[in-house]
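Q: Pasting the sequence and the predicted model now:
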Amino acid sequence: MATAIEPESENLVQAPSKWKGQFVDGLKKVQKQVHISLDITNDALVYVESLVIKLLTILLANEPHNVLEVNEHIQKTFPNPIDKWAIEEANIAIEKGKKKSTVLAPLDRTHTQLKETLGYKIDQQVTLYIIAILEYIAADILKLTGNYVKNIRRLDITDQDVKVAMYADKVLMDMFHHDEEELSVSTLEDETPVRCDSSTYDEIVKDLVLEETQYIRDLNLIIKVFRGFISKESKVAKEEVEAIFANILDVHECSMTLLGYLEDALEMVDENNPNPSIGDCFEELAEAAEFEVYSSYARDIMSKECRETLSRLLAKPHMLMYFETINHGFKDAVAYVLPKLLLEPIYHCYHYFDTLKLLLKTSPNEEDKESLKQASGALMAVQTELERICVGGLPKRRSGGSFMRLQRRSAAKQESVKRMNNIQKSIEGFEGKDICSVCNEFIMEGNLGRVGKRMTERHVYLFDAMMVCVKLNTRRSVTSTPAEYRFKECYVIRKINVVDKEDTEDVKNCFQIVSRDQSPPVMFFAKTAEEKSNWMEALTTLSYRGTLDRMLDAILAEEEKNQPLRLPSVDQYRFAHKDTKFNIVFEEGQKSQSGVPVIKGGTLLKLIERLTYHTYADPSFVRTFLTTYRSFCQPHILMDLLIERFKIQDPVSPDQDKGSTDREKNHMREDLKRFRKEYAQPIQLRVLNVFRHWVDHHYYDFERDPSLQERHAEFIKDIKEKAMRKWVESIKKIVERRMEPNDLPREITFDREPPPIEWHLTRNSDEFGLMQVNTNF
């Protein structure tokens, strides 16, 4: 493992102070690129800048004169595989040359400062290359931290969040803190007390959406990383891929549909309907038998054929070589991480059943309860089939959810901290900092044999940052109760490599812990092959989790780059104009409660576009617009623009009229599918949401103009799409309610009695006069 080289020249030693404050503004822009919905504190920016300056000092340590020397130094000092991706990003910047817009720092200013720091002239390409490297690593840190912050349902990134997220990532820790023994990252004392469970309906729904979003990322990891690389190998038959991964694509499609329904339900929440109706989401999918894909999936994944096919694949020498060419350690990930990850959809389906029970128990709406009952009844057959398939064969799921996620809930984290404290109290003679100060999560525990001069047994506790080995305490104390265990060894996860070992006649089910500080390797063995698999899966995941996440992010970025969202032309669709300072203005540094930009002003077309934006919903802006639009727009014009916004034509491909190959046709089909899913459908649903708010809160516009009401009814009647049925029915019910005759006299009521009358001059009204009322005379 290469380590960072400390600079020796006087200029480089003084460099950090010279660069301080130079990257803060650029880092703010980088953060918005990777997580636009999050904010970042100034302390976090300063901390990330210190990491960037530290990295810059490392890059300049060998006093490079050209790009090749920088490249070689990166390969020596950066951990694998981030060195490859950083170099690839920098090479792209060199190819683009000055056309490449550097976000982190201005090219010319940085080039001048680099020359002053190094004390000699360098080519501007070297500066561009270095900036690209720094920008890539900064984006990687901020993306990782943003994912962590979203997982714990916060909207701002703090410096402590950066430290916690980095500590869970072996690659970044190797890069920035390789020589530091133990870092304190515990944040428990900084957090406010949190609930122990999701007790209210709204909280359960929010957790459900978060769970589903994270679950879809797990599915993408299976599909795009593991399935993608295995299916690319020409010697792997299509039947083998299907045997290993079953109908995982159908499961992914079902989850994407459910998440879409859940997000739609949340958008329909308003003052009159404060709670989302989640029952309809499950009922519609259950009645359409969409969840039956899980029965088929479980049947194939739990079969003997699935396990044997993967084992045969791993037994082939050319496949092992192929996996190593993908990434160091990918072979172990396929052998130990993938089998556990393939069980995640089955666990998640059981999670649906439990969530439906909680929603039914807490739902405040009778209609929603009825829908939840119907959904539960429709899913009973799937639940029965899953239990029949998995009986006795499905391993118990580790507490805390998917093994790929860290600290998903604050309540789970507090429970983990409590357990870690109890574990440390049970160990006599523990050495080093407290477990809770360097670890965030308890993973597992169990007995392992240790190979040495003689075989000894160890009880092993595995945390996200360390592996603690103890031995049963046989000492007896007269004065106090002795601790249950005695401390023996401790291994820092980021400073070890786990090596899978084949069985021998003497030792079976063994693996080796190889320390990077040149200490002698240590061999452990489990009692059974299943126990060894569990330990290898947990250790491999902790070591390789960050790399798998980066592999997935790289694939998703490449897909987006190769297949960008194709929008209709301005000639086809007036709302396709790009944002400019002449058509829309945003409030600087301000965001709404939902984390979206606040609009200061814009053209009518741009306001309608943002009212029904495809990327995010903005309920606050919808309410404000419908309250104030009459000052600059008439109701029938708004009606026409919303209908025009709804009627989106499919974009025309440049090659659509030409003779295309099957591959090109498939590519165009996927383009169109993505356009409808990510652009057209969100816009159309948000147009319906605006209509729903309009008729519910501002129906007087329709009462004053019968033609407006007729136009609206005609438009709603023509909508036939299945995905919009809920919205249309909701709008129709509101209109019907508004049109019901109401002959009862209206009474003005207040929530409290008016204040008593105060007499200042006289109680006799005949005595009132100009001189008494106005004392200025």
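A: Yep, that arrived. Numbering: from 1, shown residues only.

Q: shouldn't Trp535 be in contact with Ile443?
A: No: between Trp535 and Ile443 there is no contact under Cβ atoms under 8 Å: 10.0 Å. Just so you know, the C-beta spots here come from the backbone N, C-alpha and C atoms, and that holds for glycine as well.

Q: Common neighbours of those two, please.
A: Here Trp535 and Ile443 have Leu462 as joint contacts, going by Cβ atoms under 8 Å, 6 or more residues apart in numbering.

Q: Excluding chain neighbours, what is closest to Gly228?
A: Computed as Cβ to Cβ, 6 or more residues apart in numbering, the closest residue to Gly228 that is not its neighbour in sequence is Ile555, at 6.8 Å.

Q: Share the number of residues neighbouring that neighbour, please.
A: 17 (other Cβ atoms under 10 Å).

Q: Can you point out the buried residues in the helix or strand containing it?
A: For Ile555, the enclosing helix or strand under DSSP states H and E is helix 529-562. Within helix 529-562, the residues that count as buried by 16 or more other Cβ atoms under 10 Å are 532-555.

Q: Ok, stretch 71-88 next?
A: 71, 73-74, 77-79, 81-83, 85-87.

Q: same deal with stretch 432-440?
A: Those buried within stretch 432-440 under the rule 16+ other Cβ under 10 Å are 435-436, 438-440.

Q: For the stretch 101-250 of the chain, which segments count as strands?
A: 156-157 (DSSP state E, counting those that start in this stretch).

Q: ugh, typo on my part, it should be the stretch 551-700 of the chain
A: 584-591, 597-602.

Q: just flag whichever of these has the lowest average confidence.
A: Among the strands of the stretch 551-700 of the chain, strand 584-591 carries the lowest mean pLDDT, a mean of 80.

Q: rewinding a little: between the buried residues of stretch 432-440, which is nearest Phe632?
A: Nearest to Phe632 out of those is Asn440 (Cβ to Cβ; 52.2 Å).

Q: Determine the three-state secondary structure at that closest one.
A: What DSSP: H, G, I helix; E, B strand; the rest coil gives for Asn440 is coil.

Q: how far away is it from Ile493?
A: 12 Å (Cβ to Cβ, to the nearest Å).

Q: So which other helices or strands are in contact with the host helix or strand of Gly446?
A: Assigning secondary structure by DSSP H and E places Gly446 in strand 442-451. Here strand 442-451 touches helix 410-425, strand 456-463, strand 522-525, helix 529-562, going by 3 or more Cβ pairs under 8 Å, 6 or more residues apart in numbering; DSSP states H and E.

Q: Tell me which of those sits nearest to Gln383.
A: The nearest among the helices and strands packed on strand 442-451, by Cβ to Cβ, is helix 410-425 at 24.8 Å.

Q: Check which residues of the host helix or strand of Leu360 are buried.
A: If you go by DSSP H and E, Leu360 is part of helix 344-362. Neighbour-count burial for helix 344-362, with 16+ other Cβ under 10 Å as criterion, is recorded at 344-352, 355-356, 358-360, 362.

Q: Could you do stretch 675-685 as well?
A: In stretch 675-685, counting by 16+ other Cβ under 10 Å, buried: 675, 679-685.

Q: Out of these, list just those in helices.
A: When DSSP state H is applied, these are split such that 675, 681-685 fall in helices.

Q: Quick check: the farthest pair among the residues you listed?
A: Using Cβ to Cβ, the pair of these lying farthest apart is Phe675 and Leu685, separated by 15.0 Å.

Q: tell me the pLDDT at Gln593?
A: pLDDT at Gln593 comes out at 63.

Q: Do you have the helices of the stretch 251-400 of the chain handy? List them.
A: 279-287, 292-301, 304-315, 317-326, 330-332, 338-341, 344-362, 366-390 (DSSP state H, counting those that start in this stretch).

Q: cool, the stretch 51-200 of the chain as well?
A: In the stretch 51-200 of the chain, the segments counted as helices under DSSP H, counting those that start in this stretch are 67-77, 82-96, 107-118, 124-151, 159-167, 170-176.
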